[in-house]
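[1] Generate coordinates for the sequence data below:
(chains A, B, C and D, ligands or ions: 6)
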Amino acid sequence: METSAASRAQPSPRETLDSVVIRFAGDSGDGMQLTGSQFTTATADAGNDLATFPDFPAEIRAPAGTTYGVSGFQIHLAAHDIRTPGDAPDVLVAMNPAALKVNTKVLKPGGLLVVNTGAFGKNNLAKAGYDVNPLEDGSLDRFRVLALDITKLTLQSVKGIGLGSKEANRCKNMWTLGLMYWLFGRERQSTIEWLHRKFAKRPLLAQANIAALNAGHIYGENAELPHGIGAYRVPAAKLEPGEYRNVSGNQATAWGLVTGARLANLEIMYGSYPITPASNLLHDLSRLKHYGVTTFQAEDEIAAVAAAIGASFGGSLGVTGTSGPGVALKSEAIGLAISTELPLIVVDVQRGGPSTGLPTKTEQSDLFQAVLGRNGDAPLVVLAAATPGDCFYMAVEAVRVAVKYMTPVMLLTDGYLANGAEPWKIPDLESFTPFPVSFRNDPEGFHPFIRDKETLARPWATPGTPGLEHRIGGLEKQEGVGHISYDPDNHHMMTKIRAAKIDRVAKDFPTASVDQGDARGDMLVVGWGSTYGAISQSVRTLREQGRKVSHLHLRNIWPLPEGLGELLRSFGSVLVPELNNGQLVKLLRSEYLVDAESLTKIAGQPFRISELVEAVQERLNRSLQ
Amino acid sequence: METSAASRAQPSPRETLDSVVIRFAGDSGDGMQLTGSQFTTATADAGNDLATFPDFPAEIRAPAGTTYGVSGFQIHLAAHDIRTPGDAPDVLVAMNPAALKVNTKVLKPGGLLVVNTGAFGKNNLAKAGYDVNPLEDGSLDRFRVLALDITKLTLQSVKGIGLGSKEANRCKNMWTLGLMYWLFGRERQSTIEWLHRKFAKRPLLAQANIAALNAGHIYGENAELPHGIGAYRVPAAKLEPGEYRNVSGNQATAWGLVTGARLANLEIMYGSYPITPASNLLHDLSRLKHYGVTTFQAEDEIAAVAAAIGASFGGSLGVTGTSGPGVALKSEAIGLAISTELPLIVVDVQRGGPSTGLPTKTEQSDLFQAVLGRNGDAPLVVLAAATPGDCFYMAVEAVRVAVKYMTPVMLLTDGYLANGAEPWKIPDLESFTPFPVSFRNDPEGFHPFIRDKETLARPWATPGTPGLEHRIGGLEKQEGVGHISYDPDNHHMMTKIRAAKIDRVAKDFPTASVDQGDARGDMLVVGWGSTYGAISQSVRTLREQGRKVSHLHLRNIWPLPEGLGELLRSFGSVLVPELNNGQLVKLLRSEYLVDAESLTKIAGQPFRISELVEAVQERLNRSLQ
Amino acid sequence: MSPNPPKKQYARKDFSSDQEVRWCPGCGDYAILAAVQRTLPSLGATPENTVFISGIGCSSRFPYYMNTYGFHTIHGRAPAVATGLKLANPDLDVWVITGDGDGLSIGGNHLLHVLRRNVNLQIMLFNNQIYGLTKGQYSPTSQVGKVSPSSPLGSVDQPVVPTRFALGAGATFVARSYDISKRLPEALSAARTHDGAAFIEILQNCPVFNDGVFDLITGRKTGPAHQLWLAHGQPMRFGTDGEKGLRMSPDSLTLEIVTVGENGITEDDIVVHDETNHSLAWMLTDLPGVVALGVLYREPGPVYDESVGKQRALAEERFGAPDLEALLRQGHTWTVT
Amino acid sequence: MSPNPPKKQYARKDFSSDQEVRWCPGCGDYAILAAVQRTLPSLGATPENTVFISGIGCSSRFPYYMNTYGFHTIHGRAPAVATGLKLANPDLDVWVITGDGDGLSIGGNHLLHVLRRNVNLQIMLFNNQIYGLTKGQYSPTSQVGKVSPSSPLGSVDQPVVPTRFALGAGATFVARSYDISKRLPEALSAARTHDGAAFIEILQNCPVFNDGVFDLITGRKTGPAHQLWLAHGQPMRFGTDGEKGLRMSPDSLTLEIVTVGENGITEDDIVVHDETNHSLAWMLTDLPGVVALGVLYREPGPVYDESVGKQRALAEERFGAPDLEALLRQGHTWTVT
Ligand SMILES: Cc1ncc(C[n+]2csc(CCOP(=O)(O)OP(=O)(O)O)c2C)c(N)n1
Ligand SMILES: Cc1ncc(C[n+]2csc(CCOP(=O)(O)OP(=O)(O)O)c2C)c(N)n1
Ligand code: SF4
Ligand code: SF4
Ligand SMILES: [Mg+2]
Ligand SMILES: [Mg+2]
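    Ligands and ions are numbered 1, 2, ... in the order given. Now for the predicted structure:
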C-alpha cells in the first residue's frame, strides 16, 4: 500500500492510504463477484477513484474447492485518479485453501491476508493441493495474516433467524464484507438497501445477510486485531465533478449503440450468436426492445451478420456482435456488405486465440483479422475502445461513420474491457450533435451507385420506396448505375474507389496527437484498446522519473489518423505494447517505415504497470549506452 | 508480328516470323476452346515455344450472338522462348460480329483479321450492337482483313456426308483451323487423329470434321489471298531438350499433390466444395482414386476443410481447395488445424474480389487473407506458384512442408494459372527425394505436444495405434503433455512457439535470390504468383535496353526467404507489381522497412508486358531527373 | 407525397427489369420467371413493396430480372438476409430464391431455421438436381449414380428429399410444382397468402447439365400418369383418365397406387387429401411411381416476425417510452462535487 | 509388434482418462459419461480403435474424459471432421458428441448431411434445451416462452424436434433416451451395431440453467406414465401398470393414448411397433402426453464410407495400378531434342 508521507507519523486511529489494491477470492459458490461489486459501490460512494477486474473460472461451475473453481474480484481504490485494477494486491481475502493457493504468489510481501480458517479442512486442503496446512507451516510468514473462522462466526451471527445450514453458510461473504467495510471505513448503507431489494421476496434471507454484514463490521470494531493490522482510511479522490456510475465495457457498448442509433434516427437490428465474452451484448440489448432495438439470436454467426445486412438493406441499422472465431465465420458476409456498400457494425469482443483458444481470457489478437482478414481487396473502418467507458463513445462513433459513409465498421473491444468496470462520468447526451440519416426517396436521376462527392457514399434507398426499385449484390457493379459489370477498367476503378472512400474517413477523425506528454521526446509508447490504463499509468510514472516518454493511444485503427507518421518520427524510438504477438506494430511499420518496436504479452492478462515501466526503462537505458 | 531482319528481304514463299500472337474468338457454341487447344498441340509439335490463355464468358451458356457470350482463346508462339500469351494479338479470327466487336480494340493496327462473313447477318449484327456492318463502313481499314463466308465454305466441304445442317454447321471451327494451319504451316495429323478418337463412336462426324479441316487447308493453298496476306513460318525455338506436354495450373496442382503424397507415402483425402476457378481440382482428383486419392464433395467449404482436418488426424494427407470466398469461410477451421498442429493443405485459386466479385477473372487479392486472415495469432506457411507448370513443384513443396512441420500450408494460385496452359517439360520423378512420414507408434514417453528439437513439429500419432490414445482440441494446450491449460505463461510460450515453428521453415527454403539480372542495380522488380511471365519478359526487354533492372519472384510468401532484406536494400528502388491493390508490398515494407513502391492492376487480367516496361522506364527516368 | 404514386393496377411488364436475361437457351428458369412476373400483378403485389432475395447460382440470378427490390447475396445465406429484412420491415413482401445447392447444400442450416421460426416469406427452391452455375457437379438432390465432373464413377451420396426436409424442419407450408407447369401460379399465390414461411420446391430442367431428369413427370405424354395433383378435401385421383388413385394400407401406413373400378376398388377407397394432416403430408413427400404436386401441407402457426413485433410492443407498453437519460442512470449512481 | 498388445477384455477404467471431470455438480452429462464408459467394454470396443469427436459446448467436453482417441473440434463441425476421419480410416469406431446448440443450431447443416450420406458413425446429441457453456441462452430445442438471458420476455422461436429433423434428413437409425436412464446402454449398443449413421437424442438435465425441464418424463414417480418404451414387434404399452397404450386412428393418421380394458379396448387395438416403418416413426417423434423412447426407426441403407471404399476399389481394378510416370504423360506429349 502506498502510505502517504503525511500519514506515516501516527498510525492510529485510522492509517491513511493513498491507494490500495484488494482482491476477494473464493469458490465460485462463495459469491465473490457480488461481494466485490458491493465493495465497489461503497467505495464509489466514498468518493475514491477506482478500477475493478473480475476473474471468473473457465468452467461454468467447477467442482467446489478446486483451484480452477476459484473466482476472484480485484478492486483498486485511491485518493487520486487511477487507470487500472492495479498489479499485485495489498490485501487478499481468501475464503478457502484453493483461493489462497492461486493467489499467494501475487499478494505483495507484507500484504494483508484475510483467511477463513473454517474452510481449511483436510478435504479442501487436499483439493487445493496442499499436503500441509499453509496456515501452520510458516509459508505465509511474509504476509500479515488475519486468520478467522469466518464460517463459524457467520453461523453464530445468523443463529436464531431460522435458516437452513446451507443458506446460513451462504452469508459468509456478507460477514467478510462487513469486516472489510470496517477495515477500510466504508458505509454499509447501500449494501443493506441492496440486500432488502434483492431478497424482497425472502425477508428472512435479507435479515440474515444484513445480520452477518453487521456482525463482520462489529467484529472489526471490537476484536483485538493482531499487531500491524489496523483500520485504514483512503481519502476521497479529486475527480471531475459530475454524476458517476460504474459501467462495464459491454454495457457501455450496448448503450453507445442505442445512443448512436438515436442520433442517426434509426432502429437497431442486432443479430448475434452467443459467444464468450460477447454474449452480454446480446443480453443487454435484448432488454432494450422499447428503445427501438430488435435482437435476433441467430442459428450461427453467419446468419447473424447476414440478418444484420438484410436489416441494413431494409433501412435499420444492422449490428452484429461476436468474438474472434465468430468474426472469422462472418468474414465472407462482411465482404458482401463492403461490396454492396451498406452500413453495418461488427463488434469484436476479442478473446485469447487462435481457434477456441482461451475463451474467458482477454487478448488483442484480432487486429489483423479486422483490418485485412477478407477475400479480395476489402477495406473497412476499424475502431478500438480504450476503456470500458470509452466503449460508449466508440460505439456512437461507429454508428456515425457507418451511416455517413455507407460502410461496415468493425469495433474492437476485448474481454478485459467487456467485463471490467470503472466509475464513469455519465455523459451529457445534449452534447452529441445528431446525425439523422436521410434516406433517398426521389426517383429523379436515381442510381444506386451514384456517390456523394464529399464522402463517396452511395445513396441509401430502402425497399418500400416507390420508384427506386433496384438490385444489389456481391458481383462487381458498374460505377454509378450499379448493374453487374465485368468490365476490367471498371473493376479497377471500383476497387480504388472502395479504398479511397475508407481513406477519406481519416479526414473525419481527429488528427493524431499524444494522450500524455510532449509531441517529441526519447520514446513514444503507442497503444490501442484495453492497454490504455496500464500504458498511461506507467508513462505517468516514467515521466515522474523524468523520462522523456509520451503516450499515444489509437482509437482509429483503420484508416490511421492523419499526422501520425510525423508524430512517430518526432521521437527517438517507438514502442508498441500489445496483448498479442505484434500486430499494430506491423501496420505502423509498413505505413510509415518507422522502426517501431513490439512489446508483446500473450498471457490472457492485461499488462502490469511495472512490466511496462521496466520495459521502457530498460530500452531507454540501452539506447543511452 | 515481329518480323526477323533476316526474313524481311523476300516475302514469299513463306514469310518467317520470330513470334506471333493469335486469338480465336467466336460464340460459346463455336468451339473456340477446342480449336485453340488443337492449334496449340500442332504448334507444340512444330517445336515452337508457346503460351496460351483461354477467356470464357461468365455465363454458362450466354444467348448465341451476344457480346458477353463471346469465348476467346489466345496463343503466343515463337521461335524463341516466351513467358506470356502476349499482349495485343497479331491475328484475330472472328467467327461472328460479337467476337469482332469485343476484340477489335485489342487487335494490333496492321494485324490480320479473319472474319466469317456468313455470320454477319442483320440479326447477329444487331445482337453485337452494330448499326452498320463494320465490314462495309471502312471502320476496319487499319487491319488486313480476310473476309470469307466460312459457314458456306464449310457446308460445301461436308456436303454429301449426310449430316444434319446443325451438325454440318458445327464443322466451321475445323474449317477455320485448317486454314490457320496452312497460314502458319502447322501439321494437321495430330488433329486428324484426335478427331478419330473423339468421334470414334460417330464416324460420320469424324469424317465431316476432317473434311472441313482439309477443305480449309486446301482453300489456303489454292485461293488468291488478298495482297499482304501470305503464308508464314515460325521456326522452332531452341528449348531445353526433353519430353514436353501442355499443362494447366489446376492439372499441375492436382498432379503435384498426388506426387507429394506419394513421396510422403500418404494417401490424400481431398475435401472440397465446387467454386470457380478451383472446381477443376476436384474434378481432376476425383479421377485419380486409384492413385490413393479420396475426394469428398462436401456440403460447404467449412465441412470440406473440417473433413480434411479429420482425415489428417486419421493419418491421411488432408487437402482442401477453393477460391477466396471459400477461404474466408474456412478461416475458423484453419485456426483449429494451426492450434492442433495437424498437417493440412489449403489451395486458394484466387479470383476477382471482394465478395462474389468477378468469379471468372484472375486476381491476387487473397494474400492478406492467406497470411493474416484468422482470429488470434495464427501463423501458417504460404506458398505461391509462378506458372502453370510451377503449380506442380509448389504442390509437392506444400506437402513436404506440411508433414515435416505438422502445419497447415496455404498454396496460392489464381484463375490465370488455373486455366492458362503452357508447354511443360515433364519432370523426372526420380529426381525428387522422398520424404516418407513416420507415424509415432511407441507409447514410451509419448505426449502429443513433445516437439522435435529441430523442426518444433509435434509427433503425428493416429487413432488405431495402441497405447497412444490422446485428446486434442482448439483450446490452449500445455506444451508437451498437451492437456488443456489456462496458464498465462504457457499461453504466451505456446503462441511464441507456434510463430517460431513457422519462422523456422524459412531455413528450409532457398535463400532469396534474383530470378533475372544482377544482385544490385537501379531497380528490383519483386513479383509473386502468376505475374512471373509478364515481369520476367518485361525485365528482359528492359535489360536489353540497358536498364539496370532485376527481377525477384517470391514463391515463399510466408515465412519470407532469408536474405531478402539485404537484397532489397541492394537496389536503388523496389517496385512490386501485383494484380491487387497492393498487398505483398505492405508485408515487405513492414518486414524490411524498405520504401517498396506498389504497382497495381485490378482489372481481372494479367499485366501486359508493355504496361510493365513503361511503368519501370517512367520511374527510372523520373529518378534520373 | 412520393413523385410517382403507386399505380392502381400493375401488369407483367411492370415487374420485368431492363436487364437482359442470361440463362442458357431452354433453361427452365425462363418459365419460372415468366410465371412469377405474370402472377404477381394478379396478387395485388406492387414493385416497391416486393423484394426478391437470392443466394448464388443460376437460379439466384433471378432478382436481376424483376423490376422490384432485389438482393443477390452470397451462397446459401438468402434465408438469413431475408429474416433480417423482415425484422427491419415486416410489411414488405419478401421472396427467397434458392437452388438445390444454394438452399440444401451450403444453405441447409439457414433453410432449417427460417422454416422452424416460420418467418413470413415465400421460399422458391429451384431443384434441377445439379450445380448449374459451377458447370454441372452433382448436388444434394442428385440421384445416386449421377455421373458428373466431380463424380466420374457416379455419385454415392443418398439424396435429400426437399419436401421431407422441410417437414422435418417444422415447415407450416410445403408445396411442389415444376418449371413449365400451367399450375405454377396457383402454388405461388397459395404461398403468398400463407402467413409464415411458405416453402415451394420447383422441379426445374437444366438442359445443359442435367437435361430431362424430370421428363417422366413433366412430359406431355408421360405427365398425367406421374402427376398427382393434390386438392384439399378431394380424393387423390390421377392418371391419363383420372382412373388411378391412392389407397391407404393402415397397417403398413403406406399409400399404394390403385385403379378405381379394378378388382372392386371404388372412389371410397381413395384417400381424401387433408392439407392439415402432418403424417399424410409426410407420406406424400416421396411416393413410388407418382409425384404429388400442389400443396402437400398447410397449417398456419405463430409467425416469427409477428411474434417479435408483438413482444416489442409489449416491452414498449410495459417499460414505457425510451428514456436514454434514465437508461444511463439505471442502477447505482453517485455525484462528485 | 506394438509395445502393449491390445488386452483381451477391457473394463470401465480402461475407458476413463486421467482428466478430472469438470461439469457442474449434478449435471446430467456425468450419467451419460458413466453409461458410455460402462457400456463400451461389453461391446468389445478397444480404446485404441475408438474415437470421440465433439464440437463445442459443455457436452462437447466429453472426449477429454474418455481414455480413447478424441478430438474437441470447433463449434458445430464435429460431423464433418468425423466424416473425414472415417474416409481416412473406415475401421475406426467413431462417436460424435454434440449438443442441441452445437448440433442443431450452428451445426445443423453438417448434421443434415452426415445423416443423409449415412456415414457409419454414432451421433449422441445431448439435448438440455439450453446453451450451457455460454451460460444459459435458449437453444433451438427450447420451448416457446423460455425466459433466458437472451430472451428476457420469453423465446418466440418454434423449437425443432431433433428426431423429426433426423428423419427429415433421411436418417437410417433414430433413437431417444435420457441421461439417467438405466436403458441408455441399450440405445448405445443398438446404435453401435447399426451400419450407418446412428442418431441418438439424449434428454439431459442442466441443473444450472434449465433444471427440471424433463422431470415429468424422467421423474421416478411421473416417469412411467410419460415414457413409452418401444420394442420392435411389441404393442406400444406404457403407464404405471402398463395399462395404457397407443391406438391408431387411420383416418386422422394419429396415435391416441387409450387404456386397455376401458371401454372395450383390448390389446389388439394397440399398435405394434415396427422399427422399419418410416411413417410410424414420424408419428412417434412427437406424441402428445407421452415420449417415445428407445429405437424409433432402424432401416439399414447403403453406407457412405463403404460406398466410397467400393468405388475406390472399382477404380483400382478398372484403371490398374497407379503409375505417376504415365499420369504425367496422359494425352499429348512431344519431345524436343
Ligand atoms: C462460398 C461459395 N462457395 C461456392 C460458390 C460456387 N457456387 C456458386 S453457385 C453454386 C451451386 C449452385 O447450385 P444451385 O444452388 O443448385 O443453383 P443452380 O446453378 O443449379 O441454379 C456453387 C457451388 C460460391 N459462389 N460461393
Ligand atoms: C464459432 C463459435 N460460436 C459460438 C461459440 C460459443 N459457444 C460455445 S458452446 C455454445 C453452445 C453450447 O450449447 P450446446 O451445444 O447445447 O451445448 P451445452 O453446453 O448445452 O452442452 C456456444 C454458442 C463458439 N465456441 N464458437
Ligand atoms: S446451366 Fe442449367 S440451370 Fe444454369 S442457366 Fe444453364 S440451363 Fe439453366
Ligand atoms: S452448465 Fe449445465 S450442461 Fe453445462 S456443465 Fe453445468 S449443468 Fe452441465
Ligand atoms: Mg441446382
Ligand atoms: Mg445444450
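[2] where do the helices sit along chain C?
    C:28-42, C:78-88, C:100-104, C:108-117, C:162-168, C:184-193, C:215-218, C:223-226, C:278-284, C:304-319, C:324-329 (DSSP state H).
[3] pLDDT at the closest residue to C:Val272 other than its chain neighbours, what is it?
    Distances taken as C-beta to C-beta, 6 or more residues apart in numbering or on different chains place C:Pro235 nearest to C:Val272, at 5.2 Å, with adjacent residues excluded. Glycine gets a C-beta too; all of them are placed from N, C-alpha and C. Predicted confidence (pLDDT) at C:Pro235: the value is 97.
[4] Tell me the spacing between C:Pro235 and ligand 3.
    36 Å (C-beta to the nearest ligand atom, to the nearest Å).
[5] just to revisit the earlier point, would CSV of the helices of chain C with distance to ligand 6, mean neighbour count and mean pLDDT be doable?
    CSV is the format used below for these (distance: least, C-beta to the ion, whole Å; neighbours: other C-beta atoms under 10 Å in any protein chain shown; pLDDT from 0 to 100):
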stretch, distance to ligand 6, mean neighbour count, mean pLDDT
helix C:28-42, 40, 20, 97
helix C:78-88, 22, 31, 98
helix C:100-104, 26, 32, 98
helix C:108-117, 16, 28, 98
helix C:162-168, 20, 27, 98
helix C:184-193, 34, 19, 98
helix C:215-218, 42, 17, 96
helix C:223-226, 44, 17, 95
helix C:278-284, 26, 23, 97
helix C:304-319, 21, 17, 96
helix C:324-329, 32, 14, 96
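[6] Ok, which of those helices comes nearest B:Asp414?
    Distance to B:Asp414, taken as C-beta to C-beta, is lowest for helix C:100-104 among the helices of chain C, at 24.0 Å.
[7] what does that closest one contact?
    C:54-57, C:59-60, C:75-76, C:78-79, C:111, C:123, C:125-131, C:139-141, C:160, C:162, C:165 (C-beta atoms under 8 Å, 6 or more residues apart in numbering or on different chains).
[8] pull the CA atoms of it into PDB?
    As requested, the backbone C-alpha atoms of helix C:100-104 are provided in PDB (Å, rounded to 0.1, in the frame of the first residue of the first chain):
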ATOM      1  CA  ASP C 100     -30.800 -27.300 -54.600                       C
ATOM      2  CA  GLY C 101     -27.200 -26.400 -53.900                       C
ATOM      3  CA  ASP C 102     -27.700 -23.000 -52.500                       C
ATOM      4  CA  GLY C 103     -30.600 -23.900 -50.300                       C
ATOM      5  CA  LEU C 104     -29.900 -27.500 -49.400                       C
END
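[9] Low-confidence ranges, the stretch 51-200 of chain A, go.
    A:58-60 (pLDDT under 70).
[10] Could I get the full set of helices for it?
    Assigned by DSSP state H, counting those that start in this stretch, the stretch 51-200 of chain A shows helices spanning A:97-104, A:122-128, A:150-158, A:165-169, A:172-183, A:189-198.
[11] Please identify the buried residues of the third one?
    Using 16 or more other C-beta atoms under 10 Å in any protein chain shown as the test for burial, helix A:150-158 gives A:Ile150, A:Thr151, A:Leu153, A:Thr154, A:Leu155, A:Ser157, A:Val158.
[12] would you list the residues you listed in a markdown table and tack on distance to A:Ser19?
    Below are the buried residues of helix A:150-158 laid out as a markdown table (distance: C-beta to C-beta, whole Å):
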| residue | distance to A:Ser19 |
| --- | --- |
| A:Ile150 | 26 |
| A:Thr151 | 31 |
| A:Leu153 | 29 |
| A:Thr154 | 30 |
| A:Leu155 | 35 |
| A:Ser157 | 31 |
| A:Val158 | 34 |
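[13] would you turn these into a markdown table with distance to ligand 2?
    Formatted as a markdown table, the buried residues of helix A:150-158 follow (distance: C-beta to the nearest ligand atom, whole Å):
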| residue | distance to ligand 2 |
| --- | --- |
| A:Ile150 | 34 |
| A:Thr151 | 33 |
| A:Leu153 | 38 |
| A:Thr154 | 34 |
| A:Leu155 | 36 |
| A:Ser157 | 38 |
| A:Val158 | 36 |
